[in-house]
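S.K.: heads up, no residue letters with this:
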């Protein structure tokens, strides 16, 4: 052990998402020791999570271990653990693990814990309409979506088939549009010939949003293109629709005229809202600040916490007039790394963060996407090709790129999906196969359907 | 609906493993209607399950949906459900699903529900030493094995590190040997440079068996070769060792001299024994028969249940003097399909089942396997190549072959593993991150280890 190491500037990074990972990597050559604390062992490439949820990609393809990514960065270590306290006065982060609580003192802190799903106060929605924020969420949804077709196939009551074949996606931002498009492609293309009693092509996919347009941030022209393509795929786009209730069997919606109606659906996906990690409020409380309506902390123009120049809040957690997108997380991560590296080298700097919008894109189906880059708008096949290349480039890890490309070939060229195994962790399957007993279910014996 | 269909011979197949699937496929051109009832949506290629458990393969690579495999077989349908009753007098199978109980009458029945892990009466072992029979088992073990290294890295008490880095595999048959070899390769090769505080090369893998040799059915020469190769990999092979107790922190073993000792280990794998599905006993009771010590039903020489010539019991469930291996399941499945097809065509036949032993093989590590084919014995690289080619050929589905080959290239050539995401379903991770609170864990604050 080198004597000089004792004086090394200690950086603690909370979170292994785009913000935390890019900050850590940007500190590679800085005279600092970095500890990245995260509650998952992997960095999640969230823009492709919907493809895990719909059977295209395996979880490993988009979730490489954080420590594998940082293997060669000798000034960084990775800890699996959940942060339970940040004391910004004593400059200590406390996390807990099966090994007990760990106290990590820091000289600089980067809080990049991202956001969680928000149900706008209706937390009971969560059980019936999982969100899409983690690998577990994606596997849960994959199980629910694929199980729905299985349960429709063996449903004994004719009236009960349709709710199994009705999928409702709440929220028509990029994630909602992508989920709705992929469920439609799964039903109408991949599963088309797999069933004997039901016709998966009859599956109904409803995409709901309270706003008056899909992809509101993409502008009218691309929104119109996306809507048209969604309709071609058979997605039922319903706008101005507010969700007022969700239960196991359906969802209730208030239309612009104030009337409430119900859609019978066994499978609901929540892609409607996010809120910053609760650590944002924890920080704000200590600094005497208020969080905004998305639960984010106000920050100085360099992403630091007011009065605590050594604490940086980045990505989805900062209230800085920028959107909650991966690009912001990456850029703010690199930005604060630059400030910390300068300070660790003895130079005091003040660098305001400037977000450079490199554009945004969303796929609707294979061969169809929309992209907005500066003043330019792209749609259709050309936008889809841009989407493909950019996502492959941003995916981290050679293994991940190769396996993703192979799975895309299987899916986009072949029409198949390589990951259709339902695991028993899924709530629906578990409830069906483990919890219920035949006596409890109290249904009549099977009605024999005619064979095709 | 065709009038003549009403008279079609109805075949119910229970289970989508090698037996059930091969029986169903062999009935493709027979004048029958087949309903395959299984509690998973996939056919599981069990010989490669240990590779899912050790991060080499994704679950989809070895678990294609049964209905996708049977897509083109128009006389077969697939039902996701769990069989709760077989009434061999009224010739009806009852299963339950969220749609209620389903009654499937049959003219011929094939019971191919396989086997489950057996803990020889010590069922409490299961929580601490999961077996390896399903995709969920494999994901559970993957999570436990990978988490163990994570928890070792952040362990606060020096004495508590070693139990996290000690892996005990119980049972030195092919599955146990393969698991032990792969855990050793994972620790000593894949993870070698990923940690800062622990040295994964120090991980200890113990392979235990009550017998006096590994791979007992392979003969002395191959057993010796396998033992030598395991030792080269750093696996600690302990024979004549009976497990008498397992808990969260370790395992207790009785040696041949009667003394009992304890190995402190947080991660245990059970590969020691199987027992036939409980449906075997259910059938035996109705037929007035006794199951054998592995829970299997005695059958006639054509695999039918005594006095019930229309009921066939195949694969791991039949007591017919043959081993519980995939080849037996496949061959007995095809065999009974032939009998049923003949009967459905109006020919009464009696065909005794003859098992043709095509040999057996086990891999120990990359480039090293043992194989026994007829009078011939192979080991080392040549056996490994045989293993590779044969497993690729037997894997079902083009997609599965291609993705498997890619993942093998990543793993065997590159040394990496594509599937290292820990999901929160895992018991250890869940217990650690969700259930425990810092107050409960009651451990002292972290002891700072020197950095490398």
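M.R.: Received it, and whenever you're ready, just let me know what you need. Predicted model only: the values in this text are computed from it and were never measured.
S.K.: Please make it C-alpha for all contacts and neighbour counts, starting now.
M.R.: Will do.
S.K.: what sits opposite residue A:275 in the beta ladder?
M.R.: Beta-bridge partners for residue A:275, by DSSP bridges, are residue A:116.
S.K.: Tell me the secondary structure of the residue nearest the centre of chain A, please.
M.R.: The residue lying closest to the centre of chain A (Cα atoms, centre = their mean) is residue A:133, at 3.4 Å. Using DSSP: H, G, I helix; E, B strand; the rest coil, the structure places residue A:133 in coil.
S.K.: ditto for residue A:324
M.R.: The assignment at residue A:324 comes out as coil when based on three-state DSSP.
S.K.: ok, the residue lying closest to it once chain neighbours are set aside - contacts?
M.R.: Once flanking residues are discounted, residue A:324 sits nearest to residue A:316: 4.9 Å by Cα to Cα, 6 or more residues apart in numbering or on different chains. Residues near residue A:316 by Cα atoms under 8 Å, 6 or more residues apart in numbering or on different chains: A:112, A:114, A:115, A:276, A:296, A:323, A:324, A:325, A:328, A:329.
S.K.: likewise residue A:280?
M.R.: Contacts of residue A:280 by Cα under 8 Å, 6+ apart are A:291, A:295, A:296, A:297, A:317.
S.K.: With distance to residue A:198 and neighbour count as added columns, please give these in CSV.
M.R.: Below are the contacts of residue A:280 laid out as CSV (distance: Cα to Cα, whole Å; neighbours: other Cα atoms under 10 Å in any protein chain shown):
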residue, distance to residue A:198, neighbour count
A:291, 49, 19
A:295, 44, 22
A:296, 46, 28
A:297, 50, 30
A:317, 45, 28
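S.K.: got JSON lines for the residues you listed, with secondary structure and pLDDT too?
M.R.: Putting these into JSON lines (DSSP: H, G, I helix; E, B strand; the rest coil; pLDDT from 0 to 100) gives the following:
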{"residue": "A:291", "secondary structure": "coil", "pLDDT": "97"}
{"residue": "A:295", "secondary structure": "coil", "pLDDT": "96"}
{"residue": "A:296", "secondary structure": "coil", "pLDDT": "97"}
{"residue": "A:297", "secondary structure": "strand", "pLDDT": "97"}
{"residue": "A:317", "secondary structure": "helix", "pLDDT": "97"}
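S.K.: my read is the residue nearest to residue A:324 is in a helix, agree?
M.R.: Yes. Per three-state DSSP, residue A:316 lies within a helix segment.
S.K.: Nearest to chain B within the stretch 251-400 of chain A, name that residue for me.
M.R.: residue A:399 (6.4 Å; Cα to the nearest Cα).
S.K.: Contact partners for that residue?
M.R.: A:61, B:410, B:418.
S.K.: Narrow those residues to those in helices?
M.R.: Using DSSP state H, residue A:61 are the members of the contacts of residue A:399 that sit in helices.
S.K.: export the contacts of residue A:399 to TSV and tack on neighbour count?
M.R.: Converted to TSV, the contacts of residue A:399 look like this (neighbours: other Cα atoms under 10 Å in any protein chain shown):
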residue	neighbour count
A:61	29
B:410	19
B:418	28
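S.K.: residue ranges with poor pLDDT in chain A?
M.R.: A:1-6, A:424-452 (pLDDT under 70).
S.K.: how about 50 then?
M.R.: A:1-5, A:426-452 (pLDDT under 50).
S.K.: Quickly list the domain ranges of it.
M.R.: Structural domains annotated on chain A: A:3-39+A:81-117+A:275-344, A:125-272+A:366-428, as defined by automatic domain parsing.
S.K.: how about the ones you listed in TSV, adding distance to residue A:357?
M.R.: Formatted as TSV, the domains of chain A follow (distance: least, Cα to Cα, whole Å):
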stretch	distance to residue A:357
domain A:3-39+A:81-117+A:275-344	8
domain A:125-272+A:366-428	8
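S.K.: Which of those domains sits closest to residue B:86?
M.R.: domain A:125-272+A:366-428 (18.5 Å; Cα to Cα).
S.K.: quick one, what contacts residue A:125?
M.R.: So residue A:125 contacts A:119, A:245, A:246, A:247 (Cα under 8 Å, 6+ apart).
S.K.: isn't there a strand covering the third one?
M.R.: Yes. Residue A:246 sits within a strand when classified using three-state DSSP.
S.K.: In contact with the residue nearest to residue A:307 when sequence neighbours are not counted, which residues?
M.R.: Spatial nearest neighbour of residue A:307, chain neighbours left out: residue A:287 (7.6 Å); criterion: Cα to Cα, 6+ apart. Contacts for residue A:287 were tallied using Cα under 8 Å, 6+ apart; they are A:305, A:306, A:307.
S.K.: and the gap between residue A:287 and residue A:28?
M.R.: 30 Å (Cα to Cα, to the nearest Å).
S.K.: re earlier: would you confirm that the residue nearest to the centre of chain A contacts residue A:46?
M.R.: Yes. Residue A:133 lies in contact with residue A:46 (Cα atoms under 8 Å); the separation is 7.2 Å.
S.K.: Mind jotting down where the strands sit in the stretch 1-150 of chain A?
M.R.: Using DSSP state E, counting those that start in this stretch, the strands assigned to the stretch 1-150 of chain A run over residues A:9-14, A:32-38, A:76-80, A:82-87, A:92-97, A:100-105, A:108-111, A:115-117.
S.K.: For those, give me TSV that also has mean neighbour count and distance to residue A:180.
M.R.: Output for those, formatted as TSV (neighbours: other Cα atoms under 10 Å in any protein chain shown; distance: least, Cα to Cα, whole Å):
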stretch	mean neighbour count	distance to residue A:180
strand A:9-14	25	32
strand A:32-38	24	30
strand A:76-80	23	33
strand A:82-87	18	33
strand A:92-97	22	37
strand A:100-105	22	42
strand A:108-111	27	33
strand A:115-117	19	18
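S.K.: closest one to residue B:154 among these?
M.R.: strand A:76-80 (6.5 Å).
S.K.: Could you list the paired strands of the closest one along with their orientation?
M.R.: strand A:32-38 (parallel).
S.K.: the inter-axis angle of the strand it pairs with versus strand A:82-87?
M.R.: 130 degrees (axes from the mean of the first three to the mean of the last three Cα atoms, to 10 degrees).
S.K.: Now tell me what touches strand A:32-38 from outside.
M.R.: So strand A:32-38 is contacted by A:8-16, A:20, A:24, A:27, A:75-83, A:341, A:344 (Cα under 8 Å, 6+ apart).
S.K.: Next, the angle from it to strand A:9-14.
M.R.: Using the same axes, to 10 degrees, strand A:32-38 lies at 20 degrees relative to strand A:9-14.
S.K.: got the buried residues for the one helix or strand residue A:226 maps to?
M.R.: For residue A:226, the host element (DSSP states H and E) is helix A:220-232. Buried residues in helix A:220-232, counted by 16 or more other Cα atoms under 10 Å in any protein chain shown: A:222, A:223, A:225, A:226, A:227, A:229, A:230.
S.K.: That one packs against which elements?
M.R.: strand A:235-238, strand A:360-365, strand A:368-373, strand A:376-380 (3 or more Cα pairs under 8 Å, 6 or more residues apart in numbering or on different chains; DSSP states H and E).
S.K.: Angles on the backbone of the residue nearest to residue A:307, please.
M.R.: phi -90, psi 0 (degrees, to the nearest 10).
S.K.: Look up how far residue B:68 lies from the closest residue to residue A:313 other than its chain neighbours.
M.R.: Spatial nearest neighbour of residue A:313, chain neighbours left out: residue A:111 (4.8 Å); criterion: Cα to Cα, 6+ apart. Residue A:111 is 46 Å from residue B:68, where distance means Cα to Cα.
S.K.: ditto for residue A:16
M.R.: 37 Å.
S.K.: Of those two, give the one with the bigger neighbour count.
M.R.: Taking other Cα atoms under 10 Å in any protein chain shown, residue A:16 and residue B:68 do not tie; residue A:16 has more neighbours (27 against 21).
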